[in-house]
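> model this:
(one chain, ligands or ions: 1)
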Amino acid sequence: MDQIYAPWRIEWVERDEDPIDGCPFCVLPGRENAREARVVARSDHNYVLLNNAPYNPGHAMVIPDAHVRDWTDLDDATMLDHARLKAATLAATRRAVDPHGFNTGLNLGGGAAGGSVDHLHTHVVPRWEGDTNFMPVVGDTKVIVEAVDRSYEHLHGGFATGDDVVDAGDLEAGEAVRISFGDG
Ligand SMILES: [Zn+2]
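Next up, the predicted model:
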């Protein structure tokens, strides 16, 4: 029953072709090709990253640009922007993959809470009736990489057709969707 409490034990798995030195959630948004980095959307103070080790297809994370460890460490502007981007992620995911429901939440306190990266992130996990933990079911790394690629395309389209978009981003050119909620 562990998966009910921590369905997102693994947030990010390093792939051989793109080694990262330091915190992955600080490094990935700086990558030139957002598609390869799995960064699907950006707002003023946060961004959306697809999980490299998805619990389910479309498993995304909303992450502040700044390396903060706890919800209580967020400044007001970042917290509001984070909440709005979470809402935008729910809406984009509904448009993209039409799930029956969602799990969304935080692991705070690193390993004790089941997290593996200490840079704050909010999981947004689409759920379907009768689904199971996608990762162990699929297992094969190549299949998972292809599934995350497909999820990226679907979610990119979901974000690009949403509200508050200032730049829909060119999927083929590796550009994330740019969103601004207009409150700096
Ligand atoms: Zn970080």
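> the ion contacts on the protein?
23, 25, 26, 67, 119 (CB under 5 Å from the ion). From N, CA and C alone the C-beta is placed, and that goes for glycine too.
> next, the closest residue to the second one other than its chain neighbours: secondary structure please.
When the adjacent residues along the chain are set aside, residue 25 lies closest to residue 119, with 3.9 Å between them (CB to CB, 6 or more residues apart in numbering). The assignment at residue 119 comes out as coil when based on DSSP: H, G, I helix; E, B strand; the rest coil.
> could you tell me the average pLDDT over the strand or helix carrying residue 48, please?
Per DSSP states H and E, residue 48 falls inside strand 46-50. For strand 46-50, the mean pLDDT works out to 97.
> mind giving me the packing neighbours of it?
In terms of contacts (3 or more CB pairs under 8 Å, 6 or more residues apart in numbering; DSSP states H and E), strand 46-50 is packed against strand 39-42, strand 60-64, helix 76-97, helix 141-160.
> could you dump those to a markdown table with distance to residue 51?
Converted to a markdown table, the helices and strands packed on strand 46-50 look like this (distance: least, CB to CB, whole Å):
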| stretch | distance to residue 51 |
| --- | --- |
| strand 39-42 | 11 |
| strand 60-64 | 6 |
| helix 76-97 | 12 |
| helix 141-160 | 8 |
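> next SSE downstream of the least confident helix or strand in the chain by mean pLDDT?
Least confident helix or strand of the chain, by mean pLDDT, DSSP states H and E, is helix 2-5 with a mean of 44. Using DSSP H and E, the helix or strand that directly follows helix 2-5 along the chain is helix 24-27.
> outside of that following helix, which residues touch it?
The contact list for helix 24-27, computed with CB atoms under 8 Å, 6 or more residues apart in numbering, reads 12, 14, 20, 21, 49, 63, 67, 117, 119, 121.
> low-confidence regions, the protein specifically.
For the chain, the stretches flagged by pLDDT under 70 are 1-18, 110-115, 136-137, 183-184.
> tell me which residues touch the closest residue to residue 99 other than its chain neighbours, please.
Sequence neighbours aside, residue 126 is the residue nearest to residue 99 in space, at 3.4 Å (criterion: CB to CB, 6+ apart). Residue 126 makes contact with 56, 57, 58, 59, 93, 97, 99, 101, 102, according to CB under 8 Å, 6+ apart.
> am I right that residue 126 is in a strand?
Yes. Counting by three-state DSSP, residue 126 is part of a strand.
> does residue 68 touch residue 74 like I think?
Yes. At 6.0 Å, residue 68 and residue 74 qualify as touching, with contact defined as CB atoms under 8 Å.
> list residues touching both of those two?
residue 120.
> who has more neighbours, those two?
Taking neighbours as other CB atoms under 10 Å, residue 68 and residue 74 compare with residue 74 leading, 19 against 16.
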